[in-house]
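Asker: sharing a sequence plus its predicted fold:
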Amino acid sequence: MSAPKSSTDANSAFVTVRDLKKTFDVSKPWLERTIERAPKQFLKAVDGVTFDIKKGETFALVGESGSGKSTVARMVVGLLPVTGGEVMVDGISMTTTVDSAAREKLRRRIQMIFQDPYASLNPRWRVQDIIAEPIRAFNLLSSPKDITDRVGELLTLVGLSPLDGVKFPHQFSGGQRQRVAIARALASNAEFIVCDEPTSALDVSVQAQILNLMRDLQDKMGLTYLFISHNLAVVRHMATSIGVMYLGRLTEVSQAKEMFRNPRHPYTRMLLDAVPDLGMSGRARTPVQGEIPSPINPPSGCTFHPRCPLVNDRCRAEAPVPIHGVACHAVEEGRTGTMAVRKSA
Amino acid sequence: MTQPVLSVRNLKVEFVTRRGTLRAIDDVSFDIAPGEVLGVVGESGAGKSLTGTAIIGLIDPPGRIAGGEILLQGKRIDNLDKESLRKIRGKRIGMIFQDPLTSLNPLFKISEQLVETIQTHSSMNASQARQRAIDLLIEVGIPAPEKRIDGYPHEFSGGMRQRVVIALALAAEPELIIADEPTTALDVSVQAQIITLLKKLCRERGTAVMLVTHDMGVIAETADRVAVMYAGRIAEIGPVREVVQHARHPYAKGLMGAIPTLEATASRLVQIPGSMPRLTAIPRGCAFNPRCSEVFARCHVERPEPMTVGKSEVACWLYDTKKEAAA
């Protein structure tokens, strides 16, 4: 496999997301709205998300369901049009560039792996056709022989046999299907892969195989990952840096090690405390209070304030802006001392 | 010794198919004491859920219980007729399923579903049953139950729905609760709430729980004992601390190492090569032998039976002290 070429050097960001926004119209149908004289209703699924990913690194987005992680992922790959903000990959804007040829070229380098390998592979296609689809779609190879060779090479790369190409997806287990999905993502020599919960449909032992495979491929080919997960332990294993999302906003962005050693935002601490403890240290757990509110009608000020132990009047009125990666008034004002700091492992 | 709430003895479950008889559960035995939480873990297809289904007598044809005994408070329940089983189900054995949205009927109010369950298993009148339903909702931590009780399932969030399902399971004060992946469909934060709740309720009432899950973290937090299942058999069963921290069976060891943790520093996870065999092709001898790193000749010919090692029981020839191997 040819080494990925890139115009960016190792230190600058390969993927840049700036103030990304997505609003969905969830209004009732026109007639009902007119009769009831109700205004249009909007849901802010993603509200100003900003992060950078360096080449060869993994940026993880974590959060509860409904926090907008997957919406960000879909906007980054271009499956959803953005409402506002910008996504730049390797210096080329995905959202504002008018030059469609440049964007088309960029598309090849971005691929996605989905959560459910049972739904993301066409059951009527043979695996060799599934994997060859990006090759054909981007006209990377033309002779059938070359394509077959390339598919065999990809299958070997993800730990399957080239002979598996003639099989159909139903003949594989969940883990093997996810391998096929990874092979398909790599087929167009992608450099940036967006993984939306790639292992949450898999058993732990299979999950370990897939996570190891993804890391091996990253080392081998210098892949850049945007990794979406709700499982903090998986994220701990994969990520270089982490963004915690809550109701469409990033509450904390920091280096992975730093975040687990010293979580700063109260929400991050809550999430970390909620993870079941395999070490059986007998640590007393304070179960997280409450649940994520509806994004149609988010709380005023800091959206986390109804669940936050450090809430005060300012939090209820004023939305915090990120300072050194943390969007929290309490952290800014140094009021976090009252919360027990999680013991580092 | 007190009598176990549930005793499963040499349970076998088979599926008769055109391609022959598949044995999905093969010689599984365990006990659950009053107030005890037994965790059952394993990969999908290991037979964890099927064991639960067999206990409550809900195996659909072509599946059938092919052998063994299931005893509830010392009385056999696997040979009862449908009608007597139906009376046990819900009354003496409660169930909590994975997806709270599918275990509640979307067309009926929460109150109707709770009252129906309560009245089926007791002789309360409607208003008493309703009061009891409200009490149950308070117990499982639903705020403003007098108002919420008349809501439909879709008006509740995932965590709240699971609380309602737990309330339903508790309605008849069962002796045993079978919880099949009760937190898998929930977020970690909500999962922690549900685990805490389940644990508290069982401690208070002395209910025995069989907790089926693939999440070792949940087991470590909740269970008193753990059974690790592989290809329809119990590979290792023992106190939770023993199994989680000093797993003995190579499969259990691999499974523990495969779990990413918040504390781990290793850059690679332990990986068990291959995947679980299909029921049509269970290897001879120990079913784990093709994937086992410590396999030796005996594993290919002879099936290991559970043997006592420390406080656990492990089905692995590595721990056979009597060295007179199969001739």
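Answerer: Received the coordinates, thanks.
Asker: how many other residues sit next to the residue of chain B found nearest chain A?
Answerer: Nearest to chain A in chain B, going by CB to the nearest CB, is residue B:217, at a distance of 2.9 Å. Quick note: C-beta positions are derived from backbone N, CA and C, even for glycine. Residues lying near residue B:217 (other CB atoms under 10 Å in any protein chain shown) number 25.
Asker: quick check, central residue of chain B?
Answerer: Central residue of chain B (CA atoms, centre = their mean): residue B:212, 2.7 Å from the mean position.
Asker: contact partners of stretch B:9-22?
Answerer: Contacts of stretch B:9-22 with the rest of the structure, by CB atoms under 8 Å, 6 or more residues apart in numbering or on different chains, involve B:23-29, B:47, B:50-51, B:54, B:59, B:62-71, B:232, B:279-280.
Asker: quick one on the thing from earlier: beta-bridge partners for the residue nearest to the centre of chain B, please?
Answerer: residue B:40, residue B:180 (DSSP bridges).
Asker: shouldn't it be in contact with residue B:180?
Answerer: Yes - assessed by CB atoms under 8 Å, residue B:212 is found in contact with residue B:180 at 4.7 Å.
Asker: what touches both of the two?
Answerer: Residues touching both residue B:212 and residue B:180 (CB under 8 Å, 6+ apart): B:49, B:52.
Asker: kindly report the residues of the stretch 151-300 of chain A close to chain B.
Answerer: A:173-176, A:203-209, A:211-212, A:215, A:230-234, A:236-237, A:260, A:270-280, A:285, A:287-288, A:291-292 (CB under 8 Å from any CB of the partner chain).
Asker: could you list every residue that touches the residue nearest to the centre of chain B?
Answerer: The neighbourhood of residue B:212, defined by CB under 8 Å, 6+ apart, consists of B:40, B:48, B:49, B:51, B:52, B:178, B:179, B:180, B:181.
Asker: what stretches of the chain score poorly on pLDDT?
Answerer: Since you didn't name a chain, this refers to chain A. Within chain A, the ranges that satisfy pLDDT under 70 run A:1-11, A:97, A:277-289, A:337-345.
Asker: the chain in question should be chain B.
Answerer: By pLDDT under 70, the weakly predicted segments of chain B are B:1, B:264-267, B:322-327.
Asker: quick revisit: out of the contacts of residue B:212, which comes closest to residue B:208?
Answerer: Nearest to residue B:208 among these is residue B:178, at 9.7 Å by CB to CB.
Asker: the closest one belongs to a helix, doesn't it?
Answerer: No - with DSSP: H, G, I helix; E, B strand; the rest coil as the criterion, residue B:178 is strand rather than part of a helix.
Asker: verify the stated contact: it with residue B:97.
Answerer: No - with contact defined as CB under 8 Å, residue B:178 does not count as touching residue B:97 (9.2 Å).
Asker: so between these two, which is more surrounded?
Answerer: Taking other CB under 10 Å, residue B:178 and residue B:97 do not tie; residue B:178 has more neighbours (27 against 20).
Asker: how near is that one to residue B:138?
Answerer: According to CB to CB, to the nearest Å, residue B:178 and residue B:138 sit 24 Å apart.
Asker: and residue B:37, how far from residue B:136?
Answerer: Using CB to CB, residue B:37 is found at 20 Å from residue B:136.
Asker: hang on, I meant residue A:57
Answerer: Distance of residue A:57 to residue B:136, given as CB to CB: 50 Å.
Asker: what of residue A:315?
Answerer: Residue A:315 is 35 Å from residue B:136, by CB to CB.
Asker: residue B:76 too?
Answerer: 31 Å.
Asker: which one's more surrounded, the two?
Answerer: Neighbours were counted for residue B:76 and for residue B:136 using other CB under 10 Å; residue B:136 has more, 23 against 12.
Asker: so for the more buried one, what's the nearest residue that isn't a sequence neighbour?
Answerer: Nearest non-adjacent residue to residue B:136, counting by CB to CB, 6 or more residues apart in numbering or on different chains: residue B:167, 4.2 Å away.
Asker: quick one on the thing from earlier: list the ones among the contacts of stretch B:9-22 that fall in strands.
Answerer: Among these, the ones falling in strands (DSSP state E) are B:23-29, B:63-71.
Asker: of those residues, which is the most crowded?
Answerer: residue B:25 (28 neighbours).
Asker: who's the closest residue to it other than its chain neighbours bridged to?
Answerer: Excluding the flanking residues, the one nearest residue B:25 by CB to CB, 6+ apart is residue B:13, at 4.0 Å. Beta-bridge pairing for residue B:13 (DSSP bridges): residue B:25, residue B:65.
Asker: give me the contacts around stretch A:68-88.
Answerer: Outside stretch A:68-88, the residues that touch it by CB under 8 Å, 6+ apart are A:15-23, A:45-50, A:61-63, A:93-96, A:107, A:110-112, A:194, A:196-197, A:226, A:228, A:230, A:245, A:247-248, A:295.
Asker: can you select the buried ones from the residues you listed in PyMOL?
Answerer: With 16 or more other CB atoms under 10 Å in any protein chain shown as the criterion, this PyMOL line picks the buried residues out of the contacts of stretch A:68-88:
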select buried, chain A and resi 15+16+17+18+20+21+22+45+46+47+48+49+61+62+63+93+94+95+107+110+111+112+194+196+197+226+228+230+245+247+248+295
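Asker: take the contacts of stretch A:68-88 and keep only those in strands.
Answerer: Under the assignment DSSP E, these contribute A:15-23, A:45-50, A:61-62, A:93, A:110-112, A:194, A:196, A:226, A:228, A:245 to strands.
Asker: what helix or strand is the residue in chain A that chain B sits nearest to on?
Answerer: Using CB to the nearest CB, the single residue of chain A nearest to chain B is residue A:276, 2.9 Å away. Residue A:276 belongs to no helix or strand when elements are defined using DSSP states H and E.
Asker: from residue B:120, how far out is the residue nearest to it when sequence neighbours are not counted?
Answerer: Nearest non-adjacent residue to residue A:276, counting by CB to CB, 6+ apart: residue B:217, 2.9 Å away. Distance from residue B:217 to residue B:120, counting by CB to CB: 35 Å.
Asker: if anything else comes up later, I'll come back, but that's it for now.
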